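J.: Predicted model, plus sequence, below.
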Amino acid sequence: MDQIGFPYAEMEKKGVVCPVRSLSCDYKRPSTFGDEISIHLSVGSFNGVVLTILYEMRNNVGDVICTARSEHVFLDREGRLIRMKRDMPDFCAAIDTLLQCEGTVSL
């Protein structure tokens, strides 16, 4: 979220939290301690309440070692769902841009 201009810490200061709703991983190949792993993230979907992030992890020779998927919901400090399109339209626009461009973020 930092890389698209919306640091999570800043969102929390505004009263928005984004807990994980679900997480799944599919391990494709083994990795060992000390391996360099690159992680590519992309936005799978976003409906204004639930954000799905897709992950692809590769070793240093480019083999996919794991794919994963996480779902996150946007809540206020009291745990109520937030309408992000109304409350944070700039964030929604940034996510929509990623969806349209099929952009990924690398770590």
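T.: Sure, I can see it.
J.: What segments of this protein are helices?
T.: With DSSP state H as the definition, the chain shows helices at residue ranges 8-13, 84-87, 89-101.
J.: what's the closest of those helices to A68?
T.: Closest approach to A68 among the helices of the chain is made by helix 89-101 (17.4 Å; C-beta to C-beta). C-beta here means a position set from N, CA and C on the backbone, and glycine is covered the same way.
J.: quick one: contacts of the closest one?
T.: With C-beta atoms under 8 Å, 6 or more residues apart in numbering as the test, helix 89-101 has contacts from 4-6, 11, 42-43, 45-46, 48, 51, 84-85, 103.
J.: Give me the buried entries from those residues.
T.: When the contacts of helix 89-101 are checked for burial by 16 or more other C-beta atoms under 10 Å, the buried set is M11, S42, V43, F46, G48, L51, M84.
J.: Okay, now the unreliable bits of this protein?
T.: 101-107 (pLDDT under 70).
J.: let's see 50
T.: For the chain, the stretches flagged by pLDDT under 50 are 106-107.
J.: Just give me the residue closest to the centre of this protein.
T.: For the chain, the residue sitting closest to the mean C-alpha position, by C-alpha atoms, centre = their mean, is I53 at 4.0 Å.
J.: gap between that one and E78?
T.: 25 Å (C-beta to C-beta, to the nearest Å).
J.: can you check S45 too?
T.: Using C-beta to C-beta, S45 is found at 26 Å from E78.
J.: Equivalent analysis for F33, please.
T.: Taken as C-beta to C-beta, the span from F33 to E78 is 41 Å.
J.: quick one, what contacts the closest residue to V64 other than its chain neighbours?
T.: With C-beta to C-beta, 6 or more residues apart in numbering as the criterion, V64 has its nearest non-adjacent residue at 5.1 Å, and that residue is K28. For K28, the contacting residues are D63, V64, I65, C66, T67, by C-beta under 8 Å, 6+ apart.
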